[in-house]
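> Next come a sequence and a model predicted from it.
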Amino acid sequence: MKSKITVFLTCSLTFASGFVHADAITSCDRSAALLADPQRKSEPVPFEKIDATTVIHECTEAIKMDPDNSGRFFLQRARGHLRMGNIEKSLSDLNLSIEQNYPAAFFGLGVALLLGDVVEEDYEEASLLLLTAYDKGVFWAANALAHLYGDENSVYYDLEKSEVWAQKFILEKGVASQK
């Protein structure tokens with residue numbers, strides 16, 4: 001009869017070979033981690049250094065391993081699609097990440113709607129997404145909200161609110177850098 005430890009190890013190895021644990025660092029993470037993502041597992045990759053083909057492939061593989069726990073991978077694959085210029089696929093992946101309640105995805109889509117570079121500008125939706133991201137621990141959302149409230153062309157223009165959000169960002173960025 002096999003010992004309990006042998007059975008445990010056999011089951012663990014079998015299980016591990018078919019799934020990517022959400023906390024495991026993957027090639028997807030190493031090729032597309034977002035600086036603003038408080039749950040990222042590796043060093044952030046600047047957008048201009050993203051190899052889109054690699055990111056899309058690696059993140060697709062990570063998603064296949066654990067589709068129900070892939071918010072981070074959908075977010076990172078969205079960056080690959082955006083780098084390649086596939087706006088619709090990027091937005092689709094951001095929305096899939098949001099469906100899995102992944103905090104940084106709210107930030108990503110909120111910033112896209114705030115800037116209006118790749119989608120039509122929508123300050124109202126951007127504001128809601130960025131507030132959600134902030135509430136979920138994405139302190140970079142405070143910086144985006146400071147810009148939203150500081151934009152004289154925005155219906156949300158409010159210099160006092162802009163300053164409050166800017167101070168929150170500075171404070172939280174300082175705390176995060178000490179960790």
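Received, thanks. Everything quoted here is computed from the prediction, not taken from an experiment.

> only C-alpha atoms for contact and neighbour calcs from this point on.
OK.

> which helix of this protein spans the most residues?
helix 159-177 (DSSP state H).

> tell me the contacts of the most centrally placed residue in the chain?
When CA atoms, centre = their mean is applied to the chain, the residue found nearest the centroid is A104 (3.4 Å). By CA atoms under 8 Å, 6 or more residues apart in numbering, the contact set of A104 is A36, D37, P38, L75, A133, V138.

> one step back: may I see the buried residues of the longest helix of the chain?
Neighbour-count burial for helix 159-177, counted by 16 or more other CA atoms under 10 Å, picks out L159, K161, S162, E163, W165, A166, K168, F169, E172.

> Now do that helix: distance to the chain's middle.
20 Å (CA atoms, centre = their mean, to the nearest Å).

> Which pLDDT value goes with Q76?
Turning to Q76, the model gives it a pLDDT of 98.

> so it touches S27, yeah?
No - taking contacts as CA atoms under 8 Å, Q76 lies outside contact range of S27: 10.7 Å.

> between the two, what contacts are shared?
Shared contacts of Q76 and S27, counting by CA under 8 Å, 6+ apart, come down to C59.

> Between those two, point out the one with more neighbours.
Between Q76 and S27, counted using other CA atoms under 10 Å, Q76 has the larger neighbour count: 31 against 17.

> ok, the closest residue to the more buried one other than its chain neighbours - contacts?
Nearest non-adjacent residue to Q76, counting by CA to CA, 6 or more residues apart in numbering: A32, 5.3 Å away. Residues in contact with A32 (CA under 8 Å, 6+ apart) are P44, V45, P46, F47, I50, V55, Q76, R77, R79, G80.

> how far away is A32 from D122?
Here the distance between A32 and D122 works out to 26 Å (CA to CA, to the nearest Å).

> list the contacts for Q76?
C28, D29, A32, A33, L34, V55, C59.

> Now I63: closest residue in space, sequence neighbours ignored.
Nearest to I63 is S70, by CA to CA, 6+ apart, at 5.6 Å.
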